[in-house]
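S.K.: Quick one: sequence and predicted model below, then my questions.
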Amino acid sequence: MTQDRTTPPNPVDAARMSTPTALDAHLRVDRPAFTLDLALAAAPGEVVALLGPNGAGKSTALRALAGLLPLTGGHLRLDDRLLEDPAQRLHTPAEERPVGVVFQDYLLFPHLSALDNVAFGPRCQGRPKRAARAEAADWLERMGLAEHASARPGRLSGGQAQRVALARALVVRPRLLLLDEPLAALDARTRLDVRAQLRRHLAEFEAVAVLVTHDPLDAMVLADRLVVIEDGREVQSGPPAEIARRPRTDYIARLVGLNLYQGVAEGTHVTLPDGTVLATAEALSGPAFVAFPPSAVTLYGERPHSSARNLWRAEVTGLDLHGDQVRAELAGELPMAADLTPAAVAELGLAPGAEVWASVKAAQTHAYPA
Amino acid sequence: MNDRSADADRHPAGHDTDHGADSGANSGTARGTGRGGERGARRGGVGPAGPAPALPRRGRRPGSGRTPVALALPALLGLAFLILPLVGLLVRAPWSGLSEQLTSTAVWDALRLSLISATAATAVSLVLGVPLAWLLARTDLPGRRVVRALVTLPLVLPPVVGGVALLLVLGRRGIVGSWLDSAFGITLPFTTAGVVIAEAFVAMPFLVISVEGALRAADPRFEEAAATLGASRLTAFRRVTLPMIAPGIGAGAVLAWARALGEFGATITFAGNFPGRTQTMPLAVYLAMESDPQAAIALSLVLLAVSVAVLAGLRDRWLSTP
């Protein structure tokens, strides 16, 4: 991969400088075969999503923030309180951190009712039983779960369990809320519902929330800012729309469904490392990315008599039904994905191994500095 | 290397699980495609054939087919070997004089002592054994394998050897015993307390093994969840782990209790055989065999009844597991 790690400062980063920083962390965790090295900062009320493929280090980062995994380097500061600094041999254990966690499979205590699950935190903070339960009842009410207060977790639906877990994490008024794949355990239908509710609750939450997900939609709906992690490091961060428009790595481009190439721009041409030239609408100079959606690709059975400058021979390597479209994977001079209708597939007689011509209008590409 | 994108075989993640995934991330992606020369064909609406649904596989039921004689015969013999002695006990029991035998004070003294000492030994095992099991299951104790081996040693050690060892340590002239005697005036051997100690020594490993297994099966992330809610490790253990492994503790306690009830070798070696003070049921049975076999059978029946009751109490936990 020829990814560029140094992301140029974007306006959001600059804006954040002026707002107070609630979370200021540099997480470094060294494992035999893996290193997490991630700087993370957030303002009060901000929702940050850590997005990345499996094994990228998202969960490690979350565990380190929670205090369940000691840092080997860096520091962690929350609301100007230093919670962890290996250099000073400072490690605040999880139970002393003002941090709430919603675990991926919720980890509701199976032997306690929903009410007692939520009351667990206040009880640990020394509240009398009655007061803790009253507070827990308030939160269940707020989550719309008042009638399920006495139910054991085993009797709750996935969406209800998720809300109980959220209430349990929020009742202790954490200054940092961590959510590990908060929607992954839900089926597609409840997911839509719960995602909308979670978005509302996160919007009301006044402290920092960090959520870990591998689902770009969850990240984009729930978060104010995305931090994309690959291989233990940040590869890109910014507001969701910015990342969706200007991906900087293959992984992100795939997540947002774009074809992405990196090369050197000269005017409205970008030359890729292997010599392929892409015509673009925007004029640039120097290292640049070019992105275009699979829907911008047109396929022909024979060389078309068109004036398109972006025209390449390609071989179909795979076909995949994708919504009501067929996505064709193409290899050749410029590997790419192309979307077309099932009818077009039939007309062109496409099958893996078929030779085609692919063209992309320059106006449908988007070039930006690397 | 050519930094190209979207050439792998999978595209926007999650499109198969969540339909909204790609339309939200990249609205318009799936529109206006194939603007080339196939406009006319678009109306055709040819759909690619989906993959044929896989037929559910039908597994063979276990138990179908013939049982080989070479296995069936020894199996039946084994069954008979285990059951026949118990049948013999029931057949030869002096049913007519049973009530008389069982109402003698000697029997009641022995039974009472057995029940009390076995219960006390179980209590000791619980108080010491559950934390020990936790230590083995949840910490990175150095030399943990060795510790576990030492804990399980009383399981395989002949109980008489255990009794001798206890005498050497806790006896009046033992390493710890002489100190207990001189400092506090406490003498353990040949007392009821000695019975409890001998029984606990033999029975505790059963509890530790059972509880450790339950702890290993319990997800330690529940303890982490408790920690993030402000629970100290002790609180997490008390309020989360302990209730979750309660069935395992219960099974271990019953097992330890049954083992303590039947304990003979360590008890007679360490605590002796004094009626009313250290003579438990097994010792009474043994003694009665010499003088009054009818009484021995009657006493054995009582122990058998207790064992069957224990088994019945355990059936949900144990007999149902394959």
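M.R.: Thanks, I have it.
S.K.: From now on I want contacts and neighbour counts done on CA atoms only, so please keep to that.
M.R.: Fine.
S.K.: following the longest helix seen in chain B, which helix or strand comes up?
M.R.: Longest helix in chain B, counting residues (DSSP state H): helix B:105-138. Using DSSP states H and E, the helix or strand that follows helix B:105-138 in sequence is helix B:144-156.
S.K.: what angle sits between that next one and helix B:105-138?
M.R.: Angle between the axes of helix B:144-156 and helix B:105-138 is 160 degrees (criterion: axes from the mean of the first three to the mean of the last three Cα atoms, to 10 degrees).
S.K.: and after helix B:144-156, which helix or strand comes next?
M.R.: Per DSSP H and E, the first helix or strand lying C-terminal to helix B:144-156 is helix B:159-170.
S.K.: And the next helix or strand after that following helix, what's buried?
M.R.: Per DSSP H and E, the first helix or strand lying C-terminal to helix B:159-170 is helix B:177-184. Going by neighbour count (16 or more other Cα atoms under 10 Å in any protein chain shown), the buried part of helix B:177-184 is B:177-181.
S.K.: right, is the next helix or strand along the chain from helix B:177-184 up against chain A?
M.R.: Following helix B:177-184 in sequence order, the next helix or strand is helix B:192-217 (DSSP H and E). No - Helix B:192-217 stays clear of chain A (Cα under 8 Å from any Cα of the partner chain), getting no nearer than 14.4 Å.
S.K.: what's helix B:192-217 packed up against?
M.R.: helix B:105-138, helix B:144-156, helix B:159-170, helix B:246-262, helix B:265-270 (3 or more Cα pairs under 8 Å, 6 or more residues apart in numbering or on different chains; DSSP states H and E).
S.K.: and if we set it to 6 Å?
M.R.: Applying 3 or more Cα pairs under 6 Å, 6 or more residues apart in numbering or on different chains; DSSP states H and E, one finds that helix B:192-217 contacts helix B:105-138, helix B:246-262, helix B:265-270.
S.K.: what is the orientation angle of that helix with helix B:246-262?
M.R.: 150 degrees.
S.K.: Name the next helix or strand downstream of helix B:192-217, please.
M.R.: Next along the chain after helix B:192-217, taking DSSP H and E as the criterion, comes helix B:221-228.
S.K.: could I get that next one in PDB with only the CA atoms?
M.R.: Coordinates of each C-alpha in helix B:221-228 appear next as PDB, following Å, rounded to 0.1, in the frame of the first residue of the first chain:
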ATOM      1  CA  ARG B 221     -15.700 -10.000  30.700                       C
ATOM      2  CA  PHE B 222     -18.700  -9.700  33.100                       C
ATOM      3  CA  GLU B 223     -16.100  -8.800  35.700                       C
ATOM      4  CA  GLU B 224     -14.700  -6.200  33.400                       C
ATOM      5  CA  ALA B 225     -18.200  -4.800  32.800                       C
ATOM      6  CA  ALA B 226     -18.600  -4.600  36.600                       C
ATOM      7  CA  ALA B 227     -15.200  -2.800  36.900                       C
ATOM      8  CA  THR B 228     -16.300  -0.200  34.300                       C
END
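S.K.: could you redo the helices and strands packed on helix B:192-217 as JSON lines and give each row distance to A:Pro122 and mean neighbour count?
M.R.: JSON lines is the format used below for the helices and strands packed on helix B:192-217 (distance: least, Cα to Cα, whole Å; neighbours: other Cα atoms under 10 Å in any protein chain shown):
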{"stretch": "helix B:105-138", "distance to A:Pro122": "26", "mean neighbour count": "20"}
{"stretch": "helix B:246-262", "distance to A:Pro122": "24", "mean neighbour count": "22"}
{"stretch": "helix B:265-270", "distance to A:Pro122": "49", "mean neighbour count": "26"}
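S.K.: closest one to chain A among those helices?
M.R.: Nearest to chain A among the helices and strands packed on helix B:192-217 is helix B:246-262 (10.3 Å), distances taken as Cα to the nearest Cα.
S.K.: wait, does that closest one make contact with chain A?
M.R.: No - Helix B:246-262 is not in contact with chain A by Cα under 6 Å from any Cα of the partner chain; minimum separation 10.3 Å.
S.K.: Need the contact partners of that helix.
M.R.: When contacts are defined by Cα atoms under 6 Å, 6 or more residues apart in numbering or on different chains, helix B:246-262 is touched by residues B:118, B:122, B:199, B:203, B:206-207, B:210-211, B:214.
S.K.: what's the following helix or strand after the lengthiest helix in chain A?
M.R.: What stands out as the longest helix in chain A, according to DSSP H, is helix A:188-204. Sequence order places strand A:208-213 as the next helix or strand after helix A:188-204, per DSSP H and E.
S.K.: From the contact counts, what lies against the following helix or strand past that following strand?
M.R.: Following strand A:208-213 in sequence order, the next helix or strand is helix A:216-222 (DSSP H and E). Contacting helix A:216-222 under the criterion 3+ Cα pairs under 6 Å, 6+ apart is no other helix or strand.
S.K.: Run the chain-centre distance for stretch A:207-221.
M.R.: Put simply, stretch A:207-221 sits 5 Å off its chain's centre (Cα atoms, centre = their mean, to the nearest Å).
S.K.: residues near B:Ala217, how many?
M.R.: By the other Cα atoms under 10 Å in any protein chain shown criterion, the neighbourhood of B:Ala217 contains 12 residues.
S.K.: And the pLDDT for it?
M.R.: What the model reports as pLDDT for B:Ala217 is 91.
S.K.: Tell me how far the residue nearest the centre of chain B lies from A:Leu272.
M.R.: Centroid-nearest residue in chain B: B:Ser210, 2.9 Å away (criterion: Cα atoms, centre = their mean). B:Ser210 sits 65 Å away from A:Leu272, taking Cα to Cα, to the nearest Å as the criterion.
S.K.: what about the chain, any weak spots by pLDDT?
M.R.: Looking at chain A here, since you left the chain open. Where chain A drops to pLDDT under 70, the residues are A:1-19, A:307.
S.K.: try again with chain B
M.R.: Judged by pLDDT under 70, the stretches of chain B that qualify are B:1-64, B:315-322.
S.K.: Now do the SS call for A:Arg173.
M.R.: coil (DSSP: H, G, I helix; E, B strand; the rest coil).
S.K.: Many thanks, have a good one.
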